[in-house]
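Undergrad: give me a 3D structure for the following:
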Amino acid sequence: MNPPCGRCNKAVYPTEKINCLDKYWHKGCFSCEICKMALSMTNYRGFDKKPYCSMHYPKTSFTIVTDTPENLRLKQQSQLNSQALYKEDFEKNKGKGFSLVVDTPEMQRLKKTQDQISNIKYHEEFEKSKIRSDAPPPENRQEDEQQPSALVSLPAGPLHSATAAPPSGGKQYKALYSYTASEADEVSLQEGDLIADIEPIDEGWMFGRNLRTGQRGMLPANYVRPV
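TA: So this is what the prediction gives:
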């Protein structure tokens with residue numbers, strides 16, 4: 001049985017049959033929907049299973065979607081689905097492409113050490129600028145150089161330090177800057193304090209005993225220097 005033509009619905013015989021756009025056409029019926037220009041398999045353009053010439057091929061246009069309550073609900077649901085997929089992918093890939101930094105006590109101590117290093121650099125620059133500002137003018141400096149320096153004679157005898165030496169007789173350290181303890185296991189310092197019984201812990205921290213207060217605990221290593 002011969003199939004019907006896609007335009008005239010009459011039977012299409014094999015000698016005049018064109019199979020295109022999921023239909024069968026007479027050669028004379030295979031033409032543009034608008035201008036009726038005869039088409040071939042090389043110059044037609046299909047839209048909605050209908051043949052068109054290049055001039056009258058329907059142009060696709062965008063439609064404006066209004067923000068109705070239903071559309072807003074669908075948009076919100078789509079955003080929630082996207083967030084759920086992102087979190088799922090994040091949990092799957094966690095630890096593969098990057099490392100998650102946990103705010104552990106060790107990380108907090110390293111951060112504190114970096115802040116202390118920055119403070120020390122600031123104090124050093126401040127002291128250098130203070131020395132430069134306190135220096136006498138060149139003419140006064142020449143006069144000071146010409147004057148003989150006065151020698152101060154000290155009485156002979158044993159020297160006594162303001163703070164007694166540590167019982168262990170170990171090496172002493174002197175605090176360069178003041179430091180206020182922020183943890184229960186740390187020691188507060190004042191500039192000039194002597195520290196004894198030093199035990200290094202890791203880079204940036206050590207154990208010691210403040211001879212002024214008698215308190216023992218952790219202190220920043222870059223705040224003190226050996227005496």
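Undergrad: just the C-alphas of the biggest strand by length in the chain, formatted as CSV.
TA: Of all segments of type strand in the chain, defined using DSSP state E, the longest is strand 194-202. The C-alpha atoms that make up strand 194-202 are tabulated as CSV, following Å, rounded to 0.1, in the frame of the first residue of the first chain:
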residue,chain,number,x,y,z
LEU,A,194,65.5,37.3,83.7
ILE,A,195,64.4,33.8,82.6
ALA,A,196,66.0,30.6,83.9
ASP,A,197,65.5,26.8,83.6
ILE,A,198,65.0,27.1,79.9
GLU,A,199,63.7,24.1,78.0
PRO,A,200,63.2,24.4,74.2
ILE,A,201,59.8,23.1,73.0
ASP,A,202,59.6,23.8,69.2
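Undergrad: quick check: buried residues in it?
TA: Going by neighbour count (16 or more other CB atoms under 10 Å), the buried part of strand 194-202 is Leu194, Ile195, Ala196, Ile198. Yep, even glycine has a C-beta here, placed from its N, CA and C like the rest.
Undergrad: partner strands of it, parallel or antiparallel?
TA: Using DSSP bridges, strand 194-202 pairs in its sheet with strand 173-175 (antiparallel), strand 205-210 (antiparallel).
Undergrad: returning to what we had before: now distance to Leu211 and pLDDT too, for the buried residues of strand 194-202, in JSON lines please.
TA: JSON lines is the format used below for these (distance: CB to CB, whole Å; pLDDT from 0 to 100):
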{"residue": "Leu194", "distance to Leu211": "5", "pLDDT": "93"}
{"residue": "Ile195", "distance to Leu211": "7", "pLDDT": "92"}
{"residue": "Ala196", "distance to Leu211": "6", "pLDDT": "92"}
{"residue": "Ile198", "distance to Leu211": "12", "pLDDT": "87"}
